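S.K.: structure of the sequence below:
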Amino acid sequence: MTDYAWPDVAFERDILAGAGIRLVTGPGPLIPASAVEALVREHRPDAILTNWSVVSGEAIRSVPGLRMIGRLGVGLDNIDVAVATAQGAWVTNLPDYCVEEVSDHAIGLLLDWSRGLSRFDRATRRGEWKPETAQLRRLSEMTVALLGLGRIARRTAQKLAPWGCRVLAVNRSGVAPEGVNATLVDLPTALAEADVVIVHLPANDGTRHLIDAAALAAMKRGGLLINVGRGAVVDSAALQAALESGHLSGAALDVLEEEPVPPPGLLGREDVVITPHIAFTSDAALRELRRRGAEEVVRVLTGQAPECPCNQPVSRT
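M.R.: Numbering: from 1, shown residues only. Reported below is the predicted structural model:
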């Protein structure tokens, strides 16, 4: 296990030990790709579990017998899936463990902005009591656009329904899954009509800096950008410029391209809320993540098919 965002790995170790599998761990927090490569070369594992650390092609190629790489999370942007596939190793993830948490976080960031919660808490603590400056918004009169329409975005749409706001969605396939209470539109329409844009997209070649200067300029003046997808989808410098110009009234970010050190130009702004990539977490979500991640290793290393495969590895002959 390259890294983990919880106090210890006793839970995982017990599950794996029950199947006769020995667990070796890195130091805990995220480590650079070079450190992962050194760890893999030293221990030559049958399986790798990674939370946020990068499992590079070099790391994968250094262990010809590697059988799987399990992502303790949803996105796969920190794993070289192509090399793993070519080498015959499964890549797995846990696509649905934090659906409730991330959708809750998106709604929480929206409510924080619409009601001025964190902004006025900070002002009050500074001794400022100025209710006349509030300029708050009625959520039921807003249009909210969801970029992406996967499991989490669909749950966000469901949770927005009781608030009475109009919900738009942009889906790569151009098809809305059955039962989704959102109007499917293209990206230009979503940006032009939405008061709030919520990013629910993964990071890949097609989404990197999708929200750039042009996209931000196409948003409604005074709008809000929320990102609970992947940091690389949003160009941080362009976002800062859009805030400085007054075109956007705020940004709420759980993920940033520059993690774990956010740009000072965003950190210093009163109209920006930043949380440290915690949308996925809760006591229930972490229990599920840790249990299912370890159980997936047991399945693959005992000759069973993975529950959540993300590739079809080349057969070893």
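
S.K.: now do the helices in the stretch 101-250 of the chain.
M.R.: Ranges of helices within the stretch 101-250 of the chain are 117-125, 151-160, 187-193, 213-218, 236-244, based on DSSP state H, counting those that start in this stretch.

S.K.: let me know which of those helices is tucked in deepest.
M.R.: Sort the helices of the stretch 101-250 of the chain by mean neighbour count, taking mean count of other CB atoms under 10 Å, and helix 151-160 sits at the top with a mean of 22. C-beta here means a position set from N, CA and C on the backbone, and glycine is covered the same way.

S.K.: need the strands for this structure, in chain order.
M.R.: 47-50, 68-71, 90-92, 143-147, 166-170, 183-184, 196-199, 223-227, 248-253, 272-274 (DSSP state E).

S.K.: can I get the helices of the stretch 101-250 of the chain in JSON lines with distance to residue 171 and mean pLDDT?
M.R.: JSON lines is the format used below for those (distance: least, CB to CB, whole Å; pLDDT from 0 to 100):
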{"stretch": "helix 117-125", "distance to residue 171": "31", "mean pLDDT": "96"}
{"stretch": "helix 151-160", "distance to residue 171": "9", "mean pLDDT": "96"}
{"stretch": "helix 187-193", "distance to residue 171": "10", "mean pLDDT": "98"}
{"stretch": "helix 213-218", "distance to residue 171": "17", "mean pLDDT": "98"}
{"stretch": "helix 236-244", "distance to residue 171": "23", "mean pLDDT": "98"}
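
S.K.: turn the ones you listed into JSON lines, columns for distance to residue 310.
M.R.: Supplementary listing: the helices of the stretch 101-250 of the chain in JSON lines, determined by distance: least, CB to CB, whole Å:
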{"stretch": "helix 117-125", "distance to residue 310": "36"}
{"stretch": "helix 151-160", "distance to residue 310": "14"}
{"stretch": "helix 187-193", "distance to residue 310": "25"}
{"stretch": "helix 213-218", "distance to residue 310": "28"}
{"stretch": "helix 236-244", "distance to residue 310": "28"}
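
S.K.: quick one: closest of those helices to residue 99.
M.R.: Checking these against residue 99 by CB to CB gives helix 151-160 as the closest, at 5.1 Å.

S.K.: next, the angle from that closest one to strand 143-147.
M.R.: Here helix 151-160 runs at an angle of 170 degrees relative to strand 143-147 (axes from the mean of the first three to the mean of the last three CA atoms, to 10 degrees).

S.K.: by contact count, what packs against helix 151-160?
M.R.: If you count contacts as 3 or more CB pairs under 8 Å, 6 or more residues apart in numbering; DSSP states H and E, helix 151-160 packs onto helix 99-115, strand 143-147, strand 166-170.

S.K.: now, of those, which is deepest in the fold?
M.R.: By mean count of other CB under 10 Å, the helices and strands packed on helix 151-160 have strand 143-147 as the most buried, with a mean of 26.

S.K.: output the contacting helices and strands for that strand.
M.R.: With contacts defined as 3+ CB pairs under 8 Å, 6+ apart, the packing partners of strand 143-147 are helix 151-160, strand 166-170, helix 187-193, strand 196-199.

S.K.: neighbouring strands - and their directions - for that strand?
M.R.: Each strand pairing with strand 143-147, determined using DSSP bridges, is listed with its direction: strand 166-170 (parallel), strand 196-199 (parallel).

S.K.: now those in TSV, with distance to residue 236 and mean pLDDT?
M.R.: Written out in TSV, the entries for those read as follows (distance: least, CB to CB, whole Å; pLDDT from 0 to 100):
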stretch	distance to residue 236	mean pLDDT
strand 166-170	21	97
strand 196-199	13	98
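
S.K.: how about these in TSV, adding distance to residue 279?
M.R.: Rendered in TSV, the data for the strands paired with strand 143-147 read as follows (distance: least, CB to CB, whole Å):
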stretch	distance to residue 279
strand 166-170	19
strand 196-199	11
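
S.K.: closest to residue 300 out of these?
M.R.: Among the strands paired with strand 143-147, the nearest to residue 300 by CB to CB is strand 196-199 (32.1 Å).

S.K.: got the contact list for the closest one?
M.R.: The set of residues external to strand 196-199 that reach it, using CB atoms under 8 Å, 6 or more residues apart in numbering, is 106, 110, 113, 142-148, 153, 156, 190-191, 211, 219, 223-230, 233-234.

S.K.: can you rerun that using 6 Å?
M.R.: Under the criterion CB atoms under 6 Å, 6 or more residues apart in numbering, residues 106, 110, 144, 145, 146, 147, 224, 225, 226, 227, 229, 233 lie in contact with strand 196-199.

S.K.: residues in contact with the last one?
M.R.: For residue 233, the contact set (CB under 6 Å, 6+ apart) comprises 199, 201, 207, 210, 211.

S.K.: from residue 190, how far off is the first one?
M.R.: What it means is residue 199. From residue 199 over to residue 190 the distance is 11 Å, taken as CB to CB, to the nearest Å.

S.K.: per the record, what domains does the protein have?
M.R.: 10-96+282-301, 99-274 (automatic domain parsing).

S.K.: how many neighbours does residue 234 have?
M.R.: Applying other CB atoms under 10 Å, we find 28 residues neighbouring residue 234.
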